[in-house]
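1. A predicted structure for the sequence below; I have some questions about it.
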Amino acid sequence: MAFHQKLNISNVEEWRALDFHSPRGKLVIGMMATAILLQLVRSRKWTLHELCFFLIGLYSGLTYSRFLFLAAILICPPFSRNAAALLPGRDTPERPWLAAGILVCAVSAMALQVPTGDQLTNAGCDKYPCGAMSYLGQLHPNGNVLNDYLWGGYLVWNAPQIPVFIDSRVDVFEHHGVFADYLHAVRLDGTLRILDKYKVRYVVFQRDSPLTYFLEHTPGWRVDYQDKTSVVLERAGAVRQ
């Protein structure tokens, strides 16, 4: 990925370096400080493989945000051994009822967080084209569609009859050059040329995006649908089926 997916690495958020101003970044800082403090309080010799796993996990998690899960898997074992040195000895009597009570509380808390059907339906409507689904659900395009990258999977799931231009499987689209053309189009770098190249008839995009504003003020394009989140544009003069 690092050597062959340059656009993916540099443009997709999950590949970006960890933001230490974010909640996850602050949590990582706290964990690192705790690990250092534990090592200072009770010095413990690390084995070579522990040190290697720790450094690999630390580098991966700080360099690419999506590898924080990998970092947790690699870093937690040596971190736990340092923390265990501060706990009571192994001769402490077990308390199975206490453990069971904690487990029940944890499961109950998780169950209370499970969203209802209505919550799932309306979740993210400020970021996804929920309002446009009544229109998109009846749209059977006889031409290609350019969609917002973040909406690709949403459209595949909710409007499978619409052939999306791109979705989150960026490695596939970058390999064929589609991701590069998408980036040029949304950044208004040869947009009309790219739309002609792929014979795009419809554009399903965010309402306040530069691409939407550009096409709304470009002769040959008209607005078929719009709300506060999304807009559907169509080439004017195209013959409907």
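-> Perfect, I can see it now.

2. isn't Leu136 right up against Tyr154?
-> No - using CB atoms under 8 Å as the test, Leu136 is too far from Tyr154 to be in contact (10.0 Å). To be clear about C-beta, it is placed using only N, CA and C from the backbone, and glycine gets the same treatment.

3. okay, and the common contacts of the two?
-> Counting by CB atoms under 8 Å, 6 or more residues apart in numbering, the shared contacts of Leu136 and Tyr154 are Pro129.

4. By mean pLDDT, flag the weakest helix or strand of this protein.
-> Counting by mean pLDDT, DSSP states H and E, the chain has its least confident helix or strand at helix 117-122, which shows a mean of 69.

5. and the next element down the chain from that helix?
-> Note on helix 117-122: by DSSP states H and E, the next helix or strand toward the C-terminus is helix 133-136.

6. what sits up against that following helix?
-> Pro129, Leu155, Asn158, Ala159, Ile162, Val204, Asp224, Tyr225, Val232.

7. Okay, strands next: where are they in this protein?
-> 144-147, 200-206, 221-226, 230-235 (DSSP state E).

8. residues touching the nearest residue to Ile56 once chain neighbours are set aside, list them.
-> Among residues not flanking Ile56 along the chain, Leu74 sits closest, at 6.0 Å (CB to CB, 6 or more residues apart in numbering). Residues in contact with Leu74, defined by CB under 8 Å, 6+ apart, are Phe53, Phe54, Ile56, Gly57, Ser60.

9. Going by neighbour count, which of those comes out on top?
-> Greatest neighbour count in the contacts of Leu74, by other CB atoms under 10 Å, goes to Gly57: 22 neighbours.

10. Leaving out sequence neighbours, find the closest residue to it.
-> Leu74 is the one closest to Gly57 (CB to CB, 6+ apart), at 3.2 Å.

11. State the pLDDT value of the one you found.
-> In the predicted model, Leu74 carries a pLDDT score of 90.

12. And it, how far from His49?
-> Distance from Leu74 to His49, counting by CB to CB, to the nearest Å: 10 Å.

13. how does this protein divide into domains?
-> Domain assignment for the chain by automatic domain parsing gives 6-87, 133-235.

14. Compute the first-to-last residue distance for the longest one.
-> According to CA to CA, to the nearest Å, domain 133-235 extends 20 Å from its N-terminal end residue to its C-terminal end residue.

15. just stretch 206-220 next, same as before
-> 19 Å.

16. What of stretch 208-220?
-> First-to-last distance for stretch 208-220 - CA to CA - comes to 20 Å.

17. Let me see the residues that make contact with that stretch.
-> 148, 185-188, 191-192, 203, 205-206, 221, 223, 231, 233, 235-237.

18. ok, residues contacting the longest helix seen in the chain?
-> In the chain, with assignment by DSSP state H, the single longest helix is helix 23-41. Residues from elsewhere that reach helix 23-41, judged by CB under 8 Å, 6+ apart: 18-20, 58, 61-62, 65, 68, 75, 79, 82-83, 85-86.

19. Same check on stretch 159-179?
-> With CB under 8 Å, 6+ apart, stretch 159-179 has contacts from 1, 5, 7-8, 11-12, 133, 136-137, 139-141, 144-147, 149-150, 152-153, 155-156, 180, 182, 198, 200, 204.
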